[in-house]
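>>> Quick one, structure for this:
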Amino acid sequence: LAECSQPHEPAVGCSSECEFSNNWQSGRIPLFSEVLEEYMCADGEGIDVLEIGSYEGRSTLWFMHALHVRTMTCVDTWLGGEDMVRIGEIAKELPMAERRFDKNMRAAGVSEDMLIKKKGDSYKVLPELLLAGKRFDLIFVDGSHTAHAAQWDALLSIHLLRVGGLIIFDDYKK
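All right, here's what the predicted structure looks like:
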């Protein structure tokens, strides 16, 4: 990574106006940095990233800051899935998640040309992207954490991935 800029805290580029209720992203930075090194150092037009599950935008901003991103497509209901609604502290934050996402993107100065926000269930939005001919170099699956939903996200993501692309699943345990 010596030739490339080092990734920083996931919300670098975000002013003091950014607002996050949780910091699940920071612990992932060393692994992401290792796995995504080729995307961090990429030349050319940049990569197209699909993020399934964006919540308040912390990981969105990390990808946009650390990688050479051309477009960032974020798919989320911003209502929380059945897995999140059951967790008391998170459930209290869910009504504010989309507002925080939008505020954080503005505070970080994210270009509307670069960010594509798709509000809806991934099992509905991903087929729409597929039918529209969209393809991605990197897909980060961090939506619903139920087995059924994650399987659907995986199945649909494979068809949205460009040859040579990479899919990262969050919350994977050996």
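
>>> So which residues of this protein form helices?
29-35, 37-40, 58-66, 82-85, 88-93, 97-107, 122-131, 147-160 (DSSP state H).

>>> looking at these, which has the lowest confidence?
Looking over the helices of the chain, mean pLDDT reaches its minimum on helix 82-85, with a mean of 58.

>>> roughly how far apart are the residue nearest to the spatial centre of the chain and residue 20?
For the chain, residue 51 is the residue whose C-alpha lies nearest the centre (CA atoms, centre = their mean; 3.3 Å). Residue 51 sits 16 Å away from residue 20, taking CB to CB, to the nearest Å as the criterion. For the C-beta atoms, the positions are set from N, CA and C on the backbone; glycine is no exception.

>>> For residue 55, which non-adjacent residue is spatially closest?
The shortest distance from residue 55 to any non-neighbouring residue, by CB to CB, 6 or more residues apart in numbering, is to residue 97 (5.5 Å).

>>> Most tightly packed of the helices of the chain?
helix 58-66 (a mean of 23; mean count of other CB atoms under 10 Å).

>>> measure stretch 103-112 end to end?
13 Å (CA to CA, to the nearest Å).
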